[in-house]
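# return atomic coordinates for the entry below.
(3 chains)
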Amino acid sequence: MSTHEIGNANANENENENQSGPAAEADGTQSARAGEETGRAGLLRLLVADRMAVAACAVLLLVGLCAVLGPPLLGDLAREQHLRAVKLRPFSTDEGWEFVLGSDSLGRSVLARLVVAAGTTLSVAVPAVLLSLVVGSVWGMWAGFHRGWRESVSMRIADVILSFPSLLLAVVVLYVFDPSVANLVAVLATARIPVYLRTARAESAELRGRLFADAARTFGTGNWAIVRRHVAPIVLPTLLTVAAVDFCFVMLTESSLSFLGIGIQPPDVSWGLMVAQGRAELQNAWWTAVFPGLAIILTTVAMTVLAGWARMAGDPAQRWRLTVPRKTRKGERP
Amino acid sequence: MLTFLRRRILSSAVPLLVVVLGVFFLARLTGDPANLYLPLSATQEMREAFSAQHGFDDPLLVQFGDYLAQLARLDFGESLRTAQPAAEAVLRAFPATLQLAGITLLLAAAGAVVVGSLAAYRPNSPADRIAGFLSSTAASTPDFWFAIMGVLIFAVTLDWLPTSGTVGAAAWVLPVATLLIRPFGVLVQVVRGAMVTALSEPYIKVARSKGAGERRVIFKHALRNAGAPTLTVAGDLAVGLINGAVVVETIFGWPGIGKLMIDSILQRDFAVLQAAVLLTALTIFALNLLIDICYVLIDPRVRQGALA
Amino acid sequence: MTGHGTSGTETGTGTSTGSGTALEVSGLTVELRTPRGRTPVVRDVGFSVRSGQTLALLGESGCGKSMTAQAVAGLLDPVAEVVGGQVRLGGRDVLRLGRRERRSLAGPQLAMVFQDALTALNPVYTVGSQLAEPFRIHEQASRRVARNKAVELMERVGIPEPGLRAKAYPHQFSGGMRQRLLIAMAVALRPSVLLADEPTTALDVTVQAQIMELLAQLRRETRMALVLITHDLAVVGEQADQVAVMYSGTVVESGPVAEVFAAPRHPYTRGLLDSVPAGHPRGSTLPSIEGSPPRPGSVPTGCAFRARCPLARDRCATDLPPLVATGPGRASACHYWKELADV
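Next up is the predicted model:
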């Protein structure tokens, strides 16, 4: 009961934050405050208040920077073999800064390889997630909006794909076709389309029955226009959160495939492949397998944290939770 | 209840058939087994004889027809590698995976209920934050890396546990832990989310207004309501467990169905692969049915819908 | 009213004080933790109710009346916190009690009926087992005994075929029946105080009357004190003996219903009464209170009602009017209540 009230109170705040300008001005005492915090600024403030979310953002930014700038800047360094600097221990810069995370059995800098591998890993994960997101969402909204046989057929297809272990599917497909980046993306995207299909279908099927959809229909609005203007904006935040969580899944699957030897192929390098290569040198050069694994964990955890935060911040009924535990806020009085 | 089950079985039969179909044709695209099983010097006649012997020279559709006819007779074909019946090889590997997966699922579920409930009891408390961080880390850990780290620390460095084998409790520790880590992380988050929702429902306040103690509130009133959303992910988790089994069995040399499937693909051993996939699909199918039954038992609203 | 009940409520911990006051709340203040810091949502609320009587807590939605009830019952969400005041139940301040002691009062001393009976009943258990729970918890009754008592309860609140229906689940009942079940659960242990939070809002008008009648009948039978939380002036007029009008988290006027309704001493109460259609000629514009209540967290200094008040003057902007006695059993929180009384 009172959760409802709180939720409503926050929803109202949300509305007020979003209606910048005349409506807020009319509110007299409220205008200064509401103008100060338009929707985006309010969210940013919430983000800054959450240290975990800030850290997650920083990690993802760093990974993104590595992925974009790494290959052109450090590509050569990652391939360069220093036969006199083989299996250097990490956390020492005696042999130069590039060996701060040690070197592998061919004398290649682990740090440089990590940075370059970020690019490969993201070049698989990002397109795969985007592809499955777009295809799955459009398909799902279409299926959910039309109901009937289109919906049942779509759902059956989703069931088939989901009931088959994705790793096995990938293994079979990547044996048939070459394990190139494009094929990896295609396999991973196909395996994850059902996730968005299901979510988008469920939400749009539910929204279809709501009054505003009916209202739009009585004005003669076309189906696609209703989906685009009324359904998509409501479904999209949910789908984006799903995508963030799925990004982790795709990244982990890619690294598993690379580890099993049917993902990224040498001389390219991805984090999963680095672990596989380091496995052989586990006894005398543990760092070659440990650091890429840590990189995977750090990135996926950061993504999960941010997705969780976004879900909470995006849901007015949940947002208050972000503010509750702060001990520092106890003293604050409005 | 029976009509409900019949409807579920019928609606699941189609996906099952499609999986069988897909694996049959995809497997045949992986390349000619003659290249693997015959020496490089083999003549064209030898290749043709090999293909004819195993029926690989027939058109694909004819091969599929033959395969279905065999299936109807419960004949799963013969392994190219060992010339043994494929069913035998699959059934020999199956218990190892089933035991591994069973223990893992049991531990993951029990642990997740405890940790998830504790975390949900006070949302955003330090305990919740720690549990949230640990579970999201667990869910984000690549299982192959975790396995290697386990081997490095407990087998290589400390020499407490063996690196492979299935004999003795010690041999189970690393495989189970590896297979456990991601489902556990995911389940903790799901249980927590479902419990947070359940605990914020009005009936929890009503229970408290009756003077119910916290244990009664959590374990009687909230947990059963949190069961349904938790069950929904159990099916997906079981599929994920097969993924994990492939990795774990490869790393630890576990003689299970995941390793068998990977080996069969590598060896173009179609009959074994098909039989293994079919059995896996059937198991997942049976598990989903079990989940549906649990659903009905847990939630009377579903029960009424199912009976109607 | 002679508050000394003769029913079973008197056993054990003495329920009523000398005056027959079953529940006395004073200075109750509840704060909500929000993204912008702490916001008081219930401010210095006080009221009391005697055994066998009905007190209506009247106010529009968001005025803090539900929050007040939950604070009294100890059922606030973790975001809300009682920061001051007293809640005296049977002579003891329950806010000072430990968790365990407080739990032992929940049911036999203080019970609550919730608004939405569908979500207030646990969907996965039979109604019989939920009705039996109070007996299982407080009387350590065996399953069978508790079950029989649950069936008796169902009969008492007018559920047909109780023996059979006890095995049914909440979703198999109609809205009115569910509300009866909820009431049955609350009165199971014959509490001395029953808080009813908008018990009829979710129901059809005809069913509303039946539920109100049931509550009144149970109150008469067990001589419990009823706190009725509502926004419905008609319900207050028909059911309540006393009324406390809440506005923006605080009580602005209280007194016997008949007196308050006949001659309100706070401009807000006056405005509420004026906006009731009865007594206005057909076709004339119905008066309403201009504006809307301040949002919690931005309550202005001075009187919270001043922006909408026809009597507001400079003093209202600076001085918060306290709730002062305006006559026997009556109180108002307006600097200029006398002007209303004189009219």
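
# just confirm residue A:253 is within a helix.
Yes. Under DSSP: H, G, I helix; E, B strand; the rest coil, residue A:253 falls within a helix.

# which residue ranges form the strands in chain A?
Under the criterion DSSP state E, chain A contains no strands.

# do chain C as well
C:21-34, C:37-50, C:54-58, C:80-89, C:92-93, C:110-113, C:193-197, C:225-230, C:242-247, C:250-256, C:324-327, C:330-332.

# buried residues in the fourth one, which are they?
It refers to strand C:80-89. Residues of strand C:80-89 classed as buried by neighbour count (16 or more other Cβ atoms under 10 Å in any protein chain shown): C:80, C:82, C:85, C:87, C:88, C:89. Quick note: C-beta positions are derived from backbone N, CA and C, even for glycine.

# switch the strands of chain C over to TSV; also include mean pLDDT and distance to residue A:266.
TSV is the format used below for these (pLDDT from 0 to 100; distance: least, Cβ to Cβ, whole Å):
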stretch	mean pLDDT	distance to residue A:266
strand C:21-34	89	55
strand C:37-50	89	57
strand C:54-58	93	75
strand C:80-89	90	60
strand C:92-93	88	75
strand C:110-113	92	68
strand C:193-197	92	68
strand C:225-230	93	72
strand C:242-247	93	74
strand C:250-256	93	74
strand C:324-327	88	86
strand C:330-332	92	85
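
# determine which of those approaches residue A:50 most closely.
strand C:21-34 (15.4 Å; Cβ to Cβ).

# what lines up beside that closest one in the sheet?
strand C:37-50 (antiparallel), strand C:80-89 (antiparallel) (DSSP bridges).

# could I get the CA-only coordinates of the shortest one as CSV?
In CSV, the C-alpha atoms belonging to strand C:80-89 read as follows (Å, rounded to 0.1, in the frame of the first residue of the first chain):
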residue,chain,number,x,y,z
ALA,C,80,9.3,5.2,6.3
GLU,C,81,10.3,5.6,9.9
VAL,C,82,8.5,6.8,13.0
VAL,C,83,10.6,9.6,14.4
GLY,C,84,8.5,10.7,17.3
GLY,C,85,5.3,10.3,19.3
GLN,C,86,3.4,7.8,21.3
VAL,C,87,1.0,5.1,20.5
ARG,C,88,-0.6,3.9,23.7
LEU,C,89,-2.5,0.7,23.5
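
# could you check the angle strand C:225-230 makes with it?
Interaxial angle of strand C:80-89 relative to strand C:225-230 (axes from the mean of the first three to the mean of the last three Cα atoms, to 10 degrees): 150 degrees.

# for chain B, what are the nearby residues on the stretch 101-250 of chain A?
A:156, A:159-160, A:162-168, A:171-173, A:175-176, A:248 (Cβ under 8 Å from any Cβ of the partner chain).

# apply 10 Å and report the result again.
With Cβ under 10 Å from any Cβ of the partner chain as the criterion, the stretch 101-250 of chain A comes near chain B at residues A:152, A:155-177, A:195, A:245, A:248-249.

# any weak-confidence spans in the stretch 201-343 of chain C?
C:278-281, C:297, C:342-343 (pLDDT under 70).

# from the stretch 201-343 of chain C, which residue is nearest to chain B?
residue C:202 (11.6 Å; Cβ to the nearest Cβ).

# who are the neighbours in contact with that residue?
C:114, C:115, C:116, C:117, C:118, C:119, C:175, C:176, C:178, C:179, C:208 (Cβ atoms under 10 Å, 6 or more residues apart in numbering or on different chains).

# what are the buried residues along stretch C:100-117?
C:102-117.

# also stretch B:180-193?
For stretch B:180-193, using 16+ other Cβ under 10 Å, the buried residues are B:180-193.

# near chain C at all, that stretch?
No. Stretch B:180-193 is not in contact with chain C by Cβ under 10 Å from any Cβ; minimum separation 15.4 Å.

# how about that stretch and chain A, touching?
Yes. Remark: stretch B:180-193 sits within contact range of chain A at B:182, B:185, B:186, B:189, B:193, by Cβ under 10 Å from any Cβ.

# pLDDT wise, what is residue C:159 at?
Looking at residue C:159, its pLDDT is 89.

# hey, which helix is longest across chain C?
helix C:205-222 (DSSP state H).

# can you confirm whether that one lies near chain A?
No. Helix C:205-222 stays clear of chain A (Cβ under 10 Å from any Cβ), getting no nearer than 17.8 Å.

# packing partners of that helix?
Other helices and strands packing on helix C:205-222, by 3 or more Cβ pairs under 10 Å, 6 or more residues apart in numbering or on different chains; DSSP states H and E, are strand C:54-58, helix C:143-156, helix C:175-187, strand C:193-197, strand C:225-230, helix C:233-239.

# and the angle from the first one to strand C:37-50?
Relative orientation of strand C:54-58 with respect to strand C:37-50: 150 degrees, computed using the same axes, to 10 degrees.
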